[in-house]
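1. The following comprises the amino acid sequence and a computationally predicted model.
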Amino acid sequence: MKQELVNNDITVIGGGLAGVCAAIAAARLGQKVALVQNRPVLGGNSSSEVRVWVCGATAHGTNRYARETGIMGELFIENQYRNPEGNPYVWDLVVLEAVKAEANISLYLNTDIHEVMAEGPEHDRTITAVVGWMMASERRITFKSSLYLDCTGDGLIGFLAGATFALGREARSEYGEEWAPEIADGITLGSTILFYTKDTGVPVNFVPPSFAKDISETTIPLRRVIKSGDSGCHYWWIEWGGEHDTVHDNEMIRDELWSVIYGIWDYIKNSGKFGAENMTLEWVGSLPGKREYRRFTGDYVLNQNDIIAQRGFADGVAFGGWSIDLHPPQGMYADASGSKHMHADGVYHIPFRSLYSVNVRNMLMAGRNISATHVAFGTTRVMATCAVIGEAAGTGAALASLLGLTPRELQARHLPELRQTLLRQDASIIGLQSSDEADLARKARVSASSARCALGLTQPGEAWPLRSDVAVLFPADPGIHGFELLLDAEQAAEVTAELWDTGRGENYVPHTLRARATAPAGTGRRQWVAFDLQWQPEVPQNAFVIIKANPAVSLHHSLEPHSGVLVFFKDEHPQISKDLEDHSTDQLIVLWKMKGQARRPFCFRISSPTAAFAADKAVNGYHRPFGGPQQWMSEPITAGKPEWLQLEWDTEQSIAEIHLTFNDDVNEDLVNLHHHRTPFTVIPELVRDYRVEAQGAGGQWTEIAGGTGNRKRKVIHLLPEPVQAQRIRVLIDATNGSRHAELIEIRAYEEAH
């Protein structure tokens, strides 16, 4: 047996998306990281071994402007370009290459940690080492570091270290959660195995194995949706084990899931009900995708009330947006629907105190094992949310390591530094502004070649009959004085519009009625109708204008999208499958849907000018939409005439590093194993070709950085030598499809980070 000792600053155990993002985040901050994974591939439940699609705060388009940024955002964008077909093996490569790109990460695949060395009393434990066995290599490896991250999902490391944890469902009285049971129990969400099918074009026989279950003798055909063309995550409801121990009974659970999968396929192929003669099984998983096991206790336990109230936290370091999504204990055999959902009005916030152990002083956790109740875990468990939690935990671990502190001490003494570091990395925090004193851009005067100041969409496309209420969302910055709609009227009609605010800056649903107006429309096509809607909010925010249903009227979709503008459709009677998903239809984000039309808003125009896209928005400290688009947008680019944004100081500055954050439309839902397809592989609003120039005391402009063929959101330019400049400017020559140059943020630093 080969014995090895590995010393690093940080050890991350678990190579799912939480562990991957934690390791990358820590490595980028200069820490030496061991990333230890007990499988041959990275990605956890999203890998080619399990193939669950990566869901997150967008909730498949339910939440607006909610796609994750930071490291998870990089993975989404790269996969969209390289893997639009959603090939699970290509996704494996995207994740693996992201890890291998970091020189500070040492990767240990096929290495199962089975021993943890810890010392100290029960209330104050310290991990001193973890020991793993590298399968097929006969290597026994001891990992030592100052900090450990348990990203194993099941929470094995913390369990062996003596970390306090919860397992099962808390009683309703413990946190006052509406969805918690009256009496605590050991029920968890179950595990799932997926399968893929394909059409071969020729008849294929299927002889079921002897252990295949006859599902016609179960409730499955009556209570669940089965279709011959479906595969993969359409069968997320093949779930079982919630009434068992999903770890210790894992083999039994796998066998039961296999029996049902082959029974379902036998039913599809041989019942004669599905026309599946040419269909064959392409892949069946062998590894159950677990949903839930241990949840470690931190200094704060996130609960249902925090989620639904969208409670803000002084130590907020990440966000989520998936619904609270709980499944019946009996899984696929339940008479109830496969899942029930409770939505907040928008995204919610996750505190750093939920990411480190209450009693193991040098352990953080990320993924589905964070400090949350069973009910709150129903939303934090989805993988893109686990990933942004991982980036936050990895960043916290890196700072704690650099400063020689425990995570709790970091929380108490260096919380602003942690949050500002996450912002600088473009991590997923909503509503927090930069206060980075080292950022020279915050002290500069900002100007631009042009800025979009007339808010409106005037190029009409397809007509939309106004049979039900619809809405348009756009920024009210600084206010609204007059609103016009382009419409067709089959006969003379009166049209009513209501102007609502959205309450919170992170929300995109109607909250408070601010104005209401009715206007006459004469018979005719493509006429502009004006509504006397006036609103001057105290601070810039979004306006949600509802156009009330009128069957005599049609609106016009715009031929092009517009950043900061969305369209909504009200569905008073949502068609929700009670067999699969049970959503409460009185929740606002269920009532107001984008219905796949997010990039096709209605034609409208505002009489008053807007400041929502002014040049100074690129240095206002926001790095994603919040109460408005928070970006600079130029007028349309003219061929051969670049649009530019400029920073100017009173005296020359020494500049060593420049950060550019381009608009990647975080409203667009990107999923690695695509449940939908976008018509583009690169977000059209992303800047493609650009130059960065500097002007010193001599007055000459010199190109100091640039890019062609860019398809990334965040670009950092480390200059070979510091540049002395009184002015710098970013010249944008071309985008990936948009007619406008768009820049969310520019930063400049005297020293490289």
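-> Received it, and whenever you're ready, just let me know what you need.
2. switch to C-alpha atoms for all contacts and neighbour counts from now on
-> Fine.
3. Give me the residue ranges of the stretch 101-250 of the chain where confidence is low.
-> Within the stretch 101-250 of the chain, no range satisfies pLDDT under 70.
4. just the stretch 551-700 of the chain next, same as before
-> 573-580, 584-585.
5. Quick one: the helices in it, in order.
-> For the stretch 551-700 of the chain, the helices identified by DSSP state H, counting those that start in this stretch occupy 588-591, in order along the chain.
6. ok, now the stretch 101-250 of the chain?
-> For the stretch 101-250 of the chain, applying DSSP H, counting those that start in this stretch gives helices covering 156-161, 172-175, 220-223, 250-270.
7. out of the ones you listed, nearest to Leu686?
-> With distances scored as CA to CA, the stretch of the helices of the stretch 101-250 of the chain nearest to Leu686 is helix 156-161 (41.2 Å).
8. Can you give me every residue that contacts Gly707?
-> Arg688, Asp689, Tyr690, Arg691 (CA atoms under 8 Å, 6 or more residues apart in numbering).
9. swap that for Val301, sorry
-> Residues counted as contacts of Val301 (CA under 8 Å, 6+ apart) are Ser354, Ser371, Ala372, Thr373.
10. can you redo those as JSON lines with secondary structure, distance to Leu499 and neighbour count?
-> Formatted as JSON lines, the entries for the contacts of Val301 read as follows, by DSSP: H, G, I helix; E, B strand; the rest coil; distance: CA to CA, whole Å; neighbours: other CA atoms under 10 Å:
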{"residue": "Ser354", "secondary structure": "helix", "distance to Leu499": "38", "neighbour count": "26"}
{"residue": "Ser371", "secondary structure": "coil", "distance to Leu499": "40", "neighbour count": "32"}
{"residue": "Ala372", "secondary structure": "strand", "distance to Leu499": "38", "neighbour count": "27"}
{"residue": "Thr373", "secondary structure": "coil", "distance to Leu499": "38", "neighbour count": "25"}
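11. Quick check: of those, which lies closest to Ser654?
-> Each of the contacts of Val301 was scored against Ser654 by CA to CA, and Ser354 proved nearest at 39.9 Å.
12. distance of the closest one from Gly367?
-> Between Ser354 and Gly367 the computed distance is 11 Å (CA to CA, to the nearest Å).
13. Any stretches of the stretch 401-550 of the chain with poor pLDDT?
-> Scanning the stretch 401-550 of the chain for pLDDT under 70 picks out nothing.
14. Please parse the chain into its domains.
-> When the chain is parsed into structural domains using automatic domain parsing, the resulting residue ranges are 2-170+296-424, 191-284, 440-451+613-749, 456-606.
15. most packed of those?
-> Of these, the one with the most neighbours on average (mean count of other CA atoms under 10 Å) is domain 2-170+296-424, at a mean of 23.
16. What's the biggest strand in this structure, counting residues?
-> The residue-count maximum for a strand in the chain (DSSP state E) belongs to strand 714-735.
17. For that one, give the mean pLDDT please.
-> Within the predicted structure, the mean pLDDT of strand 714-735 is 97.
18. re the thing from before, relative to Ile183, which of the domains of the chain is closest?
-> Comparison of the domains of the chain against Ile183 by CA to CA identifies domain 2-170+296-424 as nearest, at 7.4 Å.
19. Specify the beta-bridge partners of the nearest residue to Ile547 once chain neighbours are set aside.
-> The shortest distance from Ile547 to any residue that is not its chain neighbour, by CA to CA, 6 or more residues apart in numbering, is 4.5 Å, and that residue is Ala497. Taking DSSP bridges, one obtains Ala517, Ile547 as the residues bridged to Ala497.
20. what's in contact with stretch 481-490?
-> Residues from elsewhere that reach stretch 481-490 (CA under 8 Å, 6+ apart): 458, 521-535, 552-556, 603-608.
21. Pro329 should be in a strand, yeah?
-> No. Judged by DSSP: H, G, I helix; E, B strand; the rest coil, Pro329 forms no part of a strand; its state is coil.
22. what residues are up against it?
-> Counting by CA under 8 Å, 6+ apart, Pro329 touches Ile187, Thr188, Leu189, Gly190, Trp240, Gly241, Gly242, Glu243.
23. Export those residues as JSON lines, with columns for distance to Glu138.
-> Formatted as JSON lines, those follow (distance: CA to CA, whole Å):
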{"residue": "Ile187", "distance to Glu138": "37"}
{"residue": "Thr188", "distance to Glu138": "35"}
{"residue": "Leu189", "distance to Glu138": "35"}
{"residue": "Gly190", "distance to Glu138": "33"}
{"residue": "Trp240", "distance to Glu138": "34"}
{"residue": "Gly241", "distance to Glu138": "33"}
{"residue": "Gly242", "distance to Glu138": "35"}
{"residue": "Glu243", "distance to Glu138": "36"}
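24. Mind picking the two most distant members of those?
-> Ile187 and Trp240 (11.5 Å).
25. Tell me the pLDDT of Ile308.
-> 97.
26. Of all the helices of the stretch 101-250 of the chain, which one is nearest Val565?
-> Closest among the helices of the stretch 101-250 of the chain, using CA to CA: helix 172-175, at 38.6 Å.
27. what packs against the closest one?
-> In this structure, helix 172-175 makes packing contacts with no helix or strand, judged by 3 or more CA pairs under 8 Å, 6 or more residues apart in numbering; DSSP states H and E.
28. ok now do the spatially closest residue to Gly30 that is not a sequence neighbour, which residues does it touch?
-> Once its chain neighbours are removed from consideration, Gly30 has its nearest residue in Asn104; the separation is 7.0 Å (CA to CA, 6+ apart). Contacts were defined as CA under 8 Å, 6+ apart; by that measure Asn104 touches Ala27, Arg28, Gly30, Gln31, Lys32, Val33.
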